[in-house]
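Novice: Fold the following and give me the result.
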Amino acid sequence: MSSTRKSLVLGLAAVLALTGAGCGSGTEPSGSSETKAASSITVAVTSSPSADALSSLAKDFEQQTGIKVNIVQLTYDQISTKVLLAAGQSTAAYDVVQFDSPMYPALVSGGALADLSDYVKNSAKYDYSDFSPQVQDYAMFGDQIMSVPLSTEPYVLWSNTDLMTKAGVKPADTLDDYVANAAAFSKIGAYGSANAFGAQMSAYFWLQAVYMFGGTLTKPGTCESALDSPAVDAATKFYFDLLPTTPAMAVNGGDNEMASAFIQGDVGQVVTATGYYSIVADPTQSKVPNSFVMTVPPSGSSGRHTLMFGWLIGITANSSAKDEAWQFLEFALGKDSMDKLISLGAPPPARTSLLNSPNAKQAIPYLDVLINSSEVGVHLPYTPVMDEIITEVSAEISAAATDGSGAAGFLPKARQSVTSILADADTCL
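Specialist: Residues are numbered from 1 along each chain as shown. Model prediction:
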């Protein structure tokens, strides 16, 4: 799974207009004793190991509760469009919906999601306290819990152990170490890094560098650009200085190409999502299934920071079966359900209690890294213009990498375009 996946579908503004929705925050959970219990719910999922696990758990849930779970498959590009259109109907097409974090602002502003705060905070079975504040914040929209984590996939450092032995280095603990390791890998004829410079998704990885250096995209609580800072200067220099030791596959691509380059066995290190573990560790796809280690990303002068991604899941605002929908989420994603979820092949949400589970540790060898990275993870601002920022900045990164202008050519344009795009934003949480 790609944590950044594909960019949001185009035309969400038109969809919002069709639904006639304003900047609502969904509805409160029903919880009414007068509400007749629903005999079925509809759960919208999109192709992923998480969706496969939910489909399997739905059968167990139906057998245990008698509530039928209808699974509807949506493609990634259909999620926002169909859910927003359904939000404008009197009868809900879906009761539960799986979605990606970049879709969050559109779904909330379109009135598509219910506020789950009461459900979540009052459920001992779910146990909200089992998540770190960073993971809790990832699933929140402002001060409301409009979703719960389905999976947690922070960016982590991947290092090739065979190449480290040859180069005489250890996994980078600091950003200076990362630069030094890249040089050491180059000396033995390997690629020092695999950052993306392609025109589609590379902005995510430049922003990862910005956050590792202690910078941010926006000033806290505002839609004002924060790219005019020494941290952003340093991160951008760091990023483009690694270009000469990056394989062409990554230079011309995004996250999938970064992972593809790493599994060829000639890349020393890369920072990307934990979700690629199944590919990197698969001997049928990877040349390094037993020759890599995952660690918390390198620290900068301001401490450790990494970007957090992963699937979210919520209940629709116009669902007439909110109680039953929550019952299903509680059943599938509650604290005591994690071993079952993991056994079905799903990357779990980063519950701290997983560290006490022998089954989880055996099934997820990188579990410590997942939990520790999540505890220093932050999400990019939840804003409707994020897709536009990623698209524009990625194109500018690609252009600067292609024409040789590098950091000096890229950063002024990025600052200007991000400031311009953010001027049209009314939400940046």
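Novice: Kindly provide the distance from Ser398 to Asn252.
Specialist: In this view, Ser398 and Asn252 are 8 Å apart by C-beta to C-beta, to the nearest Å. No exception for glycine: its C-beta is placed from N, CA and C like everyone else's.
Novice: out of the two, which sits in the more crowded spot?
Specialist: A direct count of neighbours by other C-beta atoms under 10 Å for Ser398 and Asn252 places Ser398 higher, at 21 against 18.
Novice: secondary structure class for the more buried one?
Specialist: Following DSSP: H, G, I helix; E, B strand; the rest coil, we place Ser398 in the helix state.
Novice: ok so, going back, now do the shared contacts for Ser398 and Asn252.
Specialist: Residues touching both Ser398 and Asn252 by C-beta atoms under 8 Å, 6 or more residues apart in numbering: 197-198.
Novice: In three-state terms, label Lys340 for me.
Specialist: The three-state assignment at Lys340 reads helix, by three-state DSSP.
Novice: How about it, nearest residue that isn't a chain neighbour?
Specialist: Nearest residue to Lys340, sequence neighbours excluded (C-beta to C-beta, 6 or more residues apart in numbering): Leu57, at 7.0 Å.
Novice: Could I get the buried residue list for stretch 44-55?
Specialist: Buried residues in stretch 44-55, defined by neighbour count with 16 or more other C-beta atoms under 10 Å: 44-46, 48-51, 53-54.
Novice: and the two most separated of those?
Specialist: Largest separation among these by C-beta to C-beta: Ala44 and Pro49, giving 16.6 Å.
Novice: where does the stretch 201-350 of the chain have low pLDDT?
Specialist: For the stretch 201-350 of the chain, no stretch has pLDDT under 70.
Novice: on that earlier part again, rebuild the buried residues of stretch 44-55 as TSV, extending it with distance to Leu150.
Specialist: Formatted as TSV, the buried residues of stretch 44-55 follow (distance: C-beta to C-beta, whole Å):
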residue	distance to Leu150
Ala44	12
Val45	9
Thr46	11
Ser48	9
Pro49	10
Ser50	5
Ala51	9
Ala53	9
Leu54	8
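Novice: how far away is the residue nearest to Lys340 from Gln362?
Specialist: Separation of Leu57 from Gln362 (C-beta to C-beta): 20 Å.
Novice: Now name the helix or strand holding the residue nearest to Lys340.
Specialist: helix 49-65 (DSSP states H and E).
Novice: Tell me which helix or strand comes right after that helix.
Specialist: Counting by DSSP H and E, the next helix or strand C-terminal to helix 49-65 is strand 68-73.
Novice: Run the angle between that following strand and helix 49-65 for me.
Specialist: If you take axes from the mean of the first three to the mean of the last three C-alpha atoms, to 10 degrees, strand 68-73 sits at 170 degrees to helix 49-65.
Novice: Let me see the contact set for Tyr138.
Specialist: Tyr138 makes contact with 101, 149, 152, 308, 310, 312, 377, 379, according to C-beta under 8 Å, 6+ apart.
Novice: Please look at Ser343 and Asn359 and confirm they touch.
Specialist: Yes. Using C-beta atoms under 8 Å as the test, Ser343 is close enough to Asn359 to be in contact (7.4 Å).
Novice: most centrally placed residue in the chain?
Specialist: With distances taken as C-alpha atoms, centre = their mean, Phe309 lies nearest the centre of the chain, 1.5 Å away.
Novice: how near is that residue to Met258?
Specialist: On the measure of C-beta to C-beta, Phe309 and Met258 end up 14 Å apart.
Novice: residue ranges for the strands of the stretch 51-200 of the chain, please.
Specialist: Listed in chain order, the strands of the stretch 51-200 of the chain (DSSP state E, counting those that start in this stretch) span 68-73, 96-100, 140-141, 144-145, 148-149, 153-160.
Novice: nope, the stretch 251-400 of the chain is what I meant
Specialist: Remark: strands assigned in the stretch 251-400 of the chain by DSSP E, counting those that start in this stretch are 269-273, 292-295, 306-309, 311-315, 377-378.
Novice: For the second one, which strands pair with it and how are they oriented?
Specialist: This points to strand 292-295. Strand pairing for strand 292-295, using DSSP bridges, gives strand 153-160 (antiparallel).
Novice: Let me know the average pLDDT across the partner strand.
Specialist: In this model, strand 153-160 has a mean pLDDT of 98.
Novice: What is the distance between that strand and the centre of its chain?
Specialist: Taking the mean of its C-alpha atoms, strand 153-160 sits 13 Å from the chain's own mean (C-alpha atoms, centre = their mean, to the nearest Å).
Novice: what about the nearest residue to Ser291 once chain neighbours are set aside, distance to Ala346?
Specialist: Leaving out its chain neighbours, the residue that sits closest to Ser291 by C-beta to C-beta, 6+ apart is Asp162, at 4.6 Å. Distance, Asp162 to Ala346, using C-beta to C-beta: 30 Å.
Novice: more neighbours, those two?
Specialist: Per other C-beta under 10 Å, whichever of Asp162 and Ala346 has more neighbours is Ala346, with 24 against 15.
Novice: hang on, the more buried one packs against Ser50?
Specialist: Yes. Shown here, Ala346 and Ser50 form a contact pair, counting by C-beta under 8 Å, at 4.8 Å.
Novice: list the residues that contact both of the two?
Specialist: Ser151.
Novice: buried residues in stretch 193-206?
Specialist: The neighbour-count check on stretch 193-206 (16+ other C-beta under 10 Å) flags 193-206 as buried.
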